[in-house]
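# Have a look; sequence and predicted model below, questions after that.
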Amino acid sequence: MRQLNLSTRNSKNLSHKDIRKSILTGLWIVFFLMVIDFAVNFLFAYPAASRVTNPNQLQLYFNYGHSIEGKVAQMVAPTDESSSAIAQAGWLDPNLWQKLNLPTSRASNEDLLVAIYGMSFSNHVGEAMKEIDPKIGLRLIAAPAGPPNYAYAAYKLDRGRHKADVAILGILASSVKGLSTLNGMTWQFEGPAPYTYPEYFLENGKLKEIPPLFTTLAQFRTAFANPQQWSSFVTQLRQHDRFFDGFVFEHKFDNSAIVRLIRRAWAQRHQKAIEDQIHDATGFKPPSVSVLKAIVTDFATTAKNDGILPIVLLLNDRSYDDHLFRALESTLNSAAIPTVSSHNIAPASNLKNFISDGHFVKSVDLDIAKVVLKLIHDNLQSHPV
């Protein structure tokens, strides 16, 4: 019996020693993690200036995991001039369009004015059109990776502000997921852009919109500095923006490199899960394009009513093959909407058609531009608007 008691006491002593050892080991692990965290933040701190455009690769890598609010704080400064270029881009602000000196009518040496709404892909096609035919004037309104609801909202806001002969609605396949968002931040975690736009939905077969709380950089800057206004915006995103996630969006624990790495992994998983509900290897899932069909139909109808030739430009980037065209084909055909789709000009499965940042190579932009110009010529010759 005594041996049993002695054994029991020894096992208790060993148990206490093991616990103390585990706690001590844990404390050392925490200590070294804190040292690593501090060292990473010190050695690879992201430049503070909002207009910095060339941070090194390690600075970029450890900055990717900043919350969206943290990244916005890096981009948006007290003035437009001191803010980053991406912070200034894409706002649905007619005053901004005026400052950019966008043409409102043909110049004396031009035959056509073409208004294009979309993103950098559609801008590149427009610029290629101008390169082929210098007698074309361009009114380009675009946002970084601008989704279809942005392009449509820009078109609507721009109606009556110009005398364009042709209006082109640019739709990028990889940006279709932005239809269920209100801004260029929540669905582009690694490279958020602060611009905002409406979210559209169908009610009794008609398009309705949820407008964002603000539509200019000045309004955004004011709200970002005002906790009450910003809280209202975050609440709107939480309620209506499909990609919103509090851990990804809100400015918490950004000073920790380890938390930033965890957040980046979480954001990628979160975005992928939602993207898979919208599109997979077989194409776009029907519920995700019902609003898009209504958008292209209304765009074409209203443009024709305004005496403008409407063209829908479908831009199929990597991994999207002809999915966008197939999703909209029946609508485009039934409404007789003039359309150009890049899938039969530059297949998205051919990586030679793209440069490293995902855009088309210059020769593809020119090939698409030629098809668009022919479509314009054929339509204006046979059916003058």
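Noted; the coordinates are in hand. Numbering: from 1, shown residues only.
# Nearest residue to Y155 in space, please, no chain neighbours.
If the residues on either side of it in the chain are set aside, Y155 comes closest to Y117, at 4.7 Å by CB to CB, 6 or more residues apart in numbering. C-beta coordinates here come from the backbone N, C-alpha and C atoms, glycine included.
# and after the helix or strand the one you found falls within, which helix or strand comes next?
Applying DSSP states H and E as the criterion places Y117 in strand 112-118. Using DSSP H and E, the helix or strand that follows strand 112-118 in sequence is helix 120-132.
# Let me see the residues that make contact with that next one.
Applying CB atoms under 8 Å, 6 or more residues apart in numbering, the external contacts of helix 120-132 come out as 114, 116, 136, 138, 140, 142, 144-145, 151, 168, 170, 172, 313, 315, 317, 359-360, 362, 365-366, 368-370, 372-373.
# before we move on, back to that, what number of residues lie near the residue nearest to Y155?
28 (other CB atoms under 10 Å).
# mind listing what it touches?
I141, A142, G146, A151, Y152, A154, Y155, D158, A167, I168, L169, G170.
# ok, the fifth one to S180 distance?
Between Y152 and S180 the distance, using CB to CB, to the nearest Å, works out to 14 Å.
# out of those two, which sits in the more crowded spot?
Y152 (28 against 22).
# Helix, strand or coil: sort out that one for me.
Following DSSP: H, G, I helix; E, B strand; the rest coil, Y152 is assigned to helix.
# Not counting sequence-adjacent ones, nearest residue to it?
I295 is the one closest to Y152 (CB to CB, 6+ apart), at 4.7 Å.
# R221 now?
V76 (5.8 Å).
# about what we covered before: which of the contacts of Y117 sit farthest apart?
Within the contacts of Y117, G146 and A167 form the most distant pair, 15.1 Å apart (CB to CB).
# Who has more neighbours out of those two?
Applying other CB under 10 Å to G146 and A167 shows that G146 carries more neighbours, namely 31 against 26.
# Just to check, that one is in contact with M119?
Yes. With contacts counted by CB atoms under 8 Å, G146 reaches M119, the gap being 4.0 Å.
# what do these two both touch?
G170, L172, S175.
# out of the residues you listed, who's nearest G70?
S175 (23.8 Å).
# now that closest one, what's its secondary structure?
helix.
# so what's it scoring on pLDDT?
S175 is assigned a predicted lDDT (pLDDT) of 98.
# where's the residue nearest to A143 when sequence neighbours are not counted relative to Y150, distance?
Spatially, and ignoring its direct neighbours in sequence, A143 is nearest to G90 (2.7 Å; CB to CB, 6+ apart). Per CB to CB, G90 is found 7 Å from Y150.
# again with E250
24 Å.
# In contact with D322, which residues are there?
Taking CB under 8 Å, 6+ apart as the test, what D322 contacts is N316, S341, H343, N344, A348.
# Which secondary structure state is assigned to L207?
Three-state call for L207 (three-state DSSP): strand.
# Any idea how many residues pack against it?
16.
# Which strand residues bridge it?
Legend: beta-bridge partners of L207 under DSSP bridges are L202.
# Now for it: which residues touch it?
Contacts of L207 by CB under 8 Å, 6+ apart are Y200, F201, V291, A294, I295, D298.
# Could you double-check that the third one lies in contact with K206?
I take that to be V291. No. Contact criterion CB under 8 Å: V291 and K206 do not qualify, at 11.2 Å.
# of the two, who's got more company?
Legend: neighbour count by other CB under 10 Å for V291 and K206, higher for V291 (20 against 9).
# quick revisit: would you list the contacts of Y117 in CSV and tack on distance to A193, pLDDT and secondary structure?
Output for the contacts of Y117, formatted as CSV (distance: CB to CB, whole Å; pLDDT from 0 to 100; DSSP: H, G, I helix; E, B strand; the rest coil):
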residue, distance to A193, pLDDT, secondary structure
I141, 15, 98, strand
A142, 11, 98, strand
G146, 9, 98, coil
A151, 14, 98, helix
Y152, 18, 98, helix
A154, 14, 98, helix
Y155, 19, 98, helix
D158, 20, 98, helix
A167, 24, 98, strand
I168, 21, 98, strand
L169, 20, 98, strand
G170, 16, 98, strand
